[in-house]
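> One predicted model, sequence on top.
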Amino acid sequence: MLFQLSRWLHIGSGFLALLVFWVPIVARKGGKLHNRVGWVYVGAMTVVSATALFMGIYRLTWNAGPEPDAIPFSWFLIFVSILSGACAWYGIRVLRYKKRKSPHRHPVDLAFPALLFGSGIAIGAYGWTIGFPLLQYFPLLGLFLGGSQLAYWLTAPKRRSHWTVEHLVGMLSCCISTVTAFAVFGAPRLLGLERVSLLVWFLPTIVLVPLIVAFSMKYQKLLDKKPAA
């Protein structure tokens with residue numbers, strides 16, 4: 001019963017996150033709509049992360065299921081939990097320390113990206129050991145994001161746009177994990193498909209990473225050229 005409750009909470013929160021995801025992007029930055037809907041998105045992603053972690057551990061510990069790929073998919077759920085949780089935390093914390101002028105070494109802020117980076121290595125190695133493409137390549141995103149987050153905290157900011165860009169990267173990266181999980185689990189079940197193309201699993205990353213780069217370049221160009229106050 002607890003697993004089924006977590007499953008429906010996970011699905012409902014995931015759909016809510018996808019529904020409100022675009023509002024903070026198009027709304028005026030820093031405005032009431034942006035902030036309020038942004039917190040709704042963060043809350044939904046927190047539930048998504050927590051339920052994914054529980055379901056992944058539950059399936060590995062008590063009931064992996066009869067499917068031949070049940071265990072690899074359980075590890076994928078755990079990795080999605082780490083990825084979405086770490087990126088949501090990062091997106092919030094860069095706002096908290098947007099005025100910093102020196103390296104930042106708060107243990108919690110370093111622990112999340114370190115966990116993301118380490119889990120990317122471990123789960124990626126597991127994926128190559130069993131020959132499971134989703135776990136071979138998707139953890140590379142964790143290596144990149146975890147490494148870039150650690151680099152951001154451990155160095156002094158050099159751009160005026162640093163916190164805006166990193167906030168955007170954190171929140172958009174959250175969405176990659178949500179959409180990918182939907183492509184892996186939700187879409188095949190809704191469409192009654194036993195399997196989908198590997199391209200569908202990686203399509204969210206292929207589409208959203210260029211979007212992240214484009215928005216980052218836009219705000220860097222816009223904010224870094226403004227005269228100092």
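Yep, it's here.
> Tell me who's in contact with L116.
L116 makes contact with I82, L83, A86, C87, G142, L145, G146, Q149, according to Cβ atoms under 8 Å, 6 or more residues apart in numbering. Bear in mind the C-beta positions are built from the backbone N, C-alpha and C, glycine included.
> For stretch 209-224, buried residues please.
I212, F215, S216, Y219, Q220 (16 or more other Cβ atoms under 10 Å).
> which residues sit in contact with the closest residue in space to K29 that isn't next to it in sequence?
Nearest residue to K29, sequence neighbours excluded (Cβ to Cβ, 6 or more residues apart in numbering): T164, at 7.7 Å. For T164, the contact set (Cβ under 8 Å, 6+ apart) comprises K29, Y219, L223.
> Verify the stated contact: the second one with H167.
No: under the criterion of Cβ atoms under 8 Å, Y219 makes no contact with H167, lying 9.6 Å away.
> sorry, back to before: so for the residue nearest to K29, what pLDDT did the model give?
Model confidence at T164, given as pLDDT, is 85.
> just R96 next, same as before
So, for R96, pLDDT stands at 92.
> what's the answer for F138, then?
Listed pLDDT for F138 reads 88.
> measure it to V184 for me?
Distance of F138 to V184, computed by Cβ to Cβ, to the nearest Å: 9 Å.
> Between those two, point out the one with more neighbours.
Comparing F138 with V184 by other Cβ atoms under 10 Å, the one with more neighbours is F138, at 25 against 19.
> K98: helix or strand, and which one exactly?
If you go by DSSP states H and E, K98 is not part of any helix or strand.
> likewise the one 10 residues further on?
Assigned by DSSP H and E, V108 belongs to helix 107-130.
> Check the offset of that helix from the chain's centre.
Put simply, helix 107-130 sits 13 Å off its chain's centre (Cα atoms, centre = their mean, to the nearest Å).
> immediately after that helix, which helix or strand?
helix 133-137.
> which helices and strands sit right next to that following helix?
In terms of contacts (3 or more Cβ pairs under 8 Å, 6 or more residues apart in numbering; DSSP states H and E), helix 133-137 is packed against helix 70-96, helix 107-130, helix 198-224.
> who does the helix or strand just after that helix touch, helix- and strand-wise?
Sequence-wise, the next helix or strand downstream of helix 133-137 (DSSP H and E) is helix 139-154. Counting contacts by 3+ Cβ pairs under 8 Å, 6+ apart, helix 139-154 is packed against helix 70-96, helix 107-130, helix 162-181.
> what's the angle between the longest one and helix 198-224?
Counting by axes from the mean of the first three to the mean of the last three Cα atoms, to 10 degrees, helix 70-96 points 10 degrees away from the direction of helix 198-224.
> what angle do helix 70-96 and helix 107-130 make?
Per the same axes, to 10 degrees, the angle that helix 70-96 makes with helix 107-130 is 150 degrees.
> gap between the closest residue to S173 other than its chain neighbours and L135?
Among residues not flanking S173 along the chain, C87 sits closest, at 4.2 Å (Cβ to Cβ, 6+ apart). Applying Cβ to Cβ, the value for C87 to L135 is 19 Å.
> likewise A27?
According to Cβ to Cβ, A27 and L135 sit 36 Å apart.
> Neighbour count for those two, which is higher?
Ranked by neighbour count (other Cβ under 10 Å), A27 and L135 place L135 first, with 21 against 16.
> if I pick that one, what's in contact with it?
L135 makes contact with P72, W75, F76, F79, I123, G124, Y126, G127 under the criterion Cβ under 8 Å, 6+ apart.
> top helix in the protein by residue count?
Counting residues, the longest helix found in the chain (DSSP state H) is helix 32-61.
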